[in-house]
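A.B. asks: Predicted structure and sequence below. I'll ask about it afterward.
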Amino acid sequence: MKNLLFVLLTFIAIPGICQINQRPNVILIITDDQGYGDLGYHGNPIIQTPHLDKLAAASVRLDNFYVSPVCAHTRSSLMTGRYSLRTGVHDTYNGGAIMATGEITIAEVLKGAGYKTGAFGKWHLGDNYPSRPGDQGFDESVIHLAGGMGQPGDFTTYFKFDRSYFDPVLWHNDQQESYEGYCSDIFTGEALKFIEQNKEGPFFCYLAYNAPHTPLQVPDKYYKMYKDVDPTQGFDGDDRPFPEMTEKDKEDARKVYAMVTNIDDNVGKMLQKLKDMGIDDNTVVIFMTDNGPQQRRYIAGLKGRKGSVYRGGVRVPFFIQYPGKWKGDTDIKVNAAHIDILPTIASICKAPLPKGVKIDGKDLLPLISGRTVDWENRSLFFYWTRKYPELYNNIALQKGPYKLVGHTSFDAGINDFQLFNLDSDPYELENLVGEKESLARELKKEMDEYYHELVTSPHLVNQPRISIGSDHENPVYLNRNDAAGQRGLWTQEDPYGKWVVSIERGTYDIEYVFVKPVEGQGTLYLEAGTQISQKSFDMDKTDKLIMEDVFLPEMDTDLIPFYMVKGKRYFPLLLKITRIE
């Protein structure tokens, strides 16, 4: 009996031993605008990333891993295992970065299997109910709004300008909260708190850094590491194409490298914490980035940058390790993509996939486990244009080593396309369309099938709506990132803008916040379908105007607010809507 008691006490006392036969924890780390070449492990002799390099060396590395050319698209595919257009995501702002609430996320899949779930950093899939992290399966979240801190949609940091990454007001479980420090350090610290609280597991931690996205702000400690460095030097003997860099490009590269080194230190803290808690063997750690670099710098010779369907825009690092189960230091060459993450994590964690949902991704576990797969020639579809896909413009279909690229008009002939063999031409320099016209036509036929299927997706055709008046969110803050209307809606004072909403019957106070102060005699309008409310003002300069006691019936509509003065319409930067009845 004493021996049995000793065994039980030992089992309890040894950190991590209780997780031996338990589903693994999962930490998914993704950075923002960090390109394939922004790692020492990928041949960059300037950048200092010792922790990420060590992680890469110990991991299973997917060497041909692809994402979307821009951030919201990658994140929606990552969360759902589906092409972004199926989820309703079709732009990075302009109201196009709201994922339909009917989508089933990794967090929801794992939560159904008993996991605690946390999201920290950049969400970029909808800032209002029912599209926030807490509405999509996350128990805990600390995020910024919109596509980036300091952007007009992230109104709690926008007005901090060149200090928007420092001491920010963030959203903790959908409530504003003030934090001290640098954003990447804050997101890491909050993720570590979540892990500490749930170390008995299993947990899923989604750590989505907004760095090194613009604005390029970084603590002086890290900038000083690079301030005297020439980012074009040190590549002697490397025959991969290298871009021409202006002095601004060089300065941007210094700041980006500093931001990445800060991320590297934070990843190092995370990995050390797992060891200290004794749960590293039973924790799957994934590191990846969301697209290629925004600025011109070393990208390991790849063509194109963020926004491009060439490899420089869509090929990213991907490292995955599970120390207690897998042999590390392994390279996998088969094409894989962001859509594969959900089915792979579900497989690793023995969590059932959602039923009745078309999953575009594949389970990578057989590849990782060294088993033979029969999908070396699978197809991957890429696109990026503002608003919605433009047929044959910045669009690509990759199948095995061959990739068909369109940068042409909707009625273009096959010879207006580009065809590359990535095995023999990894930098996409030699167009083979004239030599392999038959193959190009086959790939174009498949590209057409993808395009026409995806642009008719129900969640794309029926735009996800922001809920107004729900008990789940009151007040509602409508920001510029989720405003639709004219293209390129950003910080203009007088654009045509609107929000696509679903309103519950009630009485509301509506506060308009403008980009710059307005003044003079004018009229404030609120158009909601067939119902228009207006109120006249005559005042000195102010950046806020309020309509009180506005009755709105239940409706699905476009909400169009503006202030009209001397024939000019002013669209608000932000609309705060409070249900009072």
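C.D. replies: Okay, I see it. Numbers count the residues shown, from 1 in each chain.
A.B. asks: in whichever strand or helix holds residue 275, what counts as buried?
C.D. replies: For residue 275, the element it lies in under DSSP states H and E is helix 247-277. Neighbour-count burial for helix 247-277 flags 249-271, 273-274, 277 (criterion: 16 or more other CB atoms under 10 Å). (Glycine included, C-beta is placed from N, CA and C.)
A.B. asks: tell me which residues in stretch 342-361 are buried?
C.D. replies: 342-349, 351, 354, 359-361.
A.B. asks: residues in contact with residue 124?
C.D. replies: 71, 72, 75, 92, 97, 146, 147 (CB atoms under 8 Å, 6 or more residues apart in numbering).
A.B. asks: Could you check how far the closest residue to the second one other than its chain neighbours is from residue 500?
C.D. replies: If the residues on either side of it in the chain are set aside, residue 72 comes closest to residue 97, at 4.0 Å by CB to CB, 6 or more residues apart in numbering. Taking CB to CB, to the nearest Å as the measure, residue 97 falls 12 Å from residue 500.
A.B. asks: The two - which one has more neighbours?
C.D. replies: Shown here are residue 97 and residue 500; by other CB atoms under 10 Å, residue 97 has more neighbours (30 against 17).
A.B. asks: With residue 90 as the reference, measure out to that one.
C.D. replies: In terms of CB to CB, residue 97 sits 8 Å off from residue 90.
A.B. asks: Same question for residue 225.
C.D. replies: 39 Å.
A.B. asks: When these two are compared, which one has more neighbours?
C.D. replies: residue 90 (28 against 17).
A.B. asks: Surely residue 196 is in a strand?
C.D. replies: No - with DSSP: H, G, I helix; E, B strand; the rest coil as the criterion, residue 196 is helix rather than part of a strand.
A.B. asks: wait, doesn't it sit right on residue 277?
C.D. replies: Yes - in this structure, residue 196 is within contact of residue 277 by CB atoms under 8 Å, at 7.4 Å.
A.B. asks: intersection of neighbour lists for the two?
C.D. replies: Joint contacts of residue 196 and residue 277 (CB under 8 Å, 6+ apart) do not exist.
A.B. asks: if we can go back for a sec, spatially, which two of the buried residues of stretch 342-361 are the most separated?
C.D. replies: Distance extremes for these: the farthest pair is 349 and 360 at 19.7 Å, using CB to CB.
A.B. asks: what is the rounded mean pLDDT of the helix or strand following the helix holding residue 275?
C.D. replies: Of the helices and strands lying after helix 247-277 in sequence (DSSP H and E), the nearest is strand 283-289. The average pLDDT within strand 283-289 is 98.
A.B. asks: which stretches of the chain form helices?
C.D. replies: Listed in chain order, the helices of the chain (DSSP state H) span 2-13, 50-58, 71-80, 84-87, 106-111, 155-158, 183-197, 220-223, 247-277, 311-314, 341-348, 365-368, 437-454, 458-461.
A.B. asks: can I get these in a markdown table with distance to residue 65 and mean pLDDT?
C.D. replies: Listed next are the helices of the chain as a markdown table, based on distance: least, CB to CB, whole Å; pLDDT from 0 to 100:
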| stretch | distance to residue 65 | mean pLDDT |
| --- | --- | --- |
| helix 2-13 | 39 | 37 |
| helix 50-58 | 12 | 98 |
| helix 71-80 | 11 | 98 |
| helix 84-87 | 17 | 98 |
| helix 106-111 | 17 | 98 |
| helix 155-158 | 31 | 97 |
| helix 183-197 | 23 | 98 |
| helix 220-223 | 27 | 98 |
| helix 247-277 | 18 | 98 |
| helix 311-314 | 9 | 98 |
| helix 341-348 | 10 | 98 |
| helix 365-368 | 11 | 94 |
| helix 437-454 | 19 | 98 |
| helix 458-461 | 25 | 98 |
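A.B. asks: CSV for those helices, including distance to residue 378?
C.D. replies: Output for those, formatted as CSV (distance: least, CB to CB, whole Å):
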stretch, distance to residue 378
helix 2-13, 44
helix 50-58, 24
helix 71-80, 15
helix 84-87, 17
helix 106-111, 21
helix 155-158, 40
helix 183-197, 33
helix 220-223, 40
helix 247-277, 30
helix 311-314, 15
helix 341-348, 13
helix 365-368, 11
helix 437-454, 11
helix 458-461, 23
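A.B. asks: Go through stretch 133-152 and flag the buried ones.
C.D. replies: 133-152.
A.B. asks: And for stretch 120-131?
C.D. replies: The neighbour-count check on stretch 120-131 (16+ other CB under 10 Å) flags 120, 121, 122, 123, 124, 125, 126, 127, 128, 129, 130, 131 as buried.
A.B. asks: what does stretch 514-525 give?
C.D. replies: Those would be 514, 515, 518, 522, 524, 525, for stretch 514-525 by 16+ other CB under 10 Å.
A.B. asks: what number of residues lie near the nearest residue to the last one once chain neighbours are set aside?
C.D. replies: What that stands for is residue 525. Counting by CB to CB, 6+ apart, residue 525 lies nearest to residue 534, which is 5.0 Å off, once chain neighbours are set aside. Other residues within reach of residue 534 by the criterion other CB under 10 Å amount to 11.
A.B. asks: if I look at residue 534, how far off is residue 564?
C.D. replies: The value you get for residue 534 to residue 564, if CB to CB is used, is 9 Å.
A.B. asks: any shared contact partners between those two?
C.D. replies: 523, 524, 525.
A.B. asks: any chance of those in TSV, with pLDDT and distance to residue 473 too?
C.D. replies: Shown next, in TSV, are these (pLDDT from 0 to 100; distance: CB to CB, whole Å):
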residue	pLDDT	distance to residue 473
523	97	29
524	98	23
525	98	24
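A.B. asks: and those residues, which of them are in strands?
C.D. replies: 523, 524, 525 (DSSP state E).
A.B. asks: Now do the contacts for the second one.
C.D. replies: Pointing back at residue 524 there. 512, 534, 535, 536, 537, 545, 547, 561, 562, 563, 564.
A.B. asks: which of those residues sit farthest apart?
C.D. replies: Longest span within the contacts of residue 524, CB to CB: 536 and 561, 15.3 Å.
A.B. asks: Mind checking which of those two has more residues around it?
C.D. replies: For residue 536 versus residue 561, the count of surrounding residues by other CB under 10 Å is larger for residue 561: 24 against 9.
A.B. asks: Excluding covalently adjacent residues, which one is nearest to the more buried one?
C.D. replies: residue 526 (5.2 Å).
A.B. asks: Does that neighbour touch residue 534 like I think?
C.D. replies: Yes - counting by CB under 8 Å, residue 534 is a contact partner of residue 526 at 7.5 Å.
A.B. asks: Good, wrapping up.
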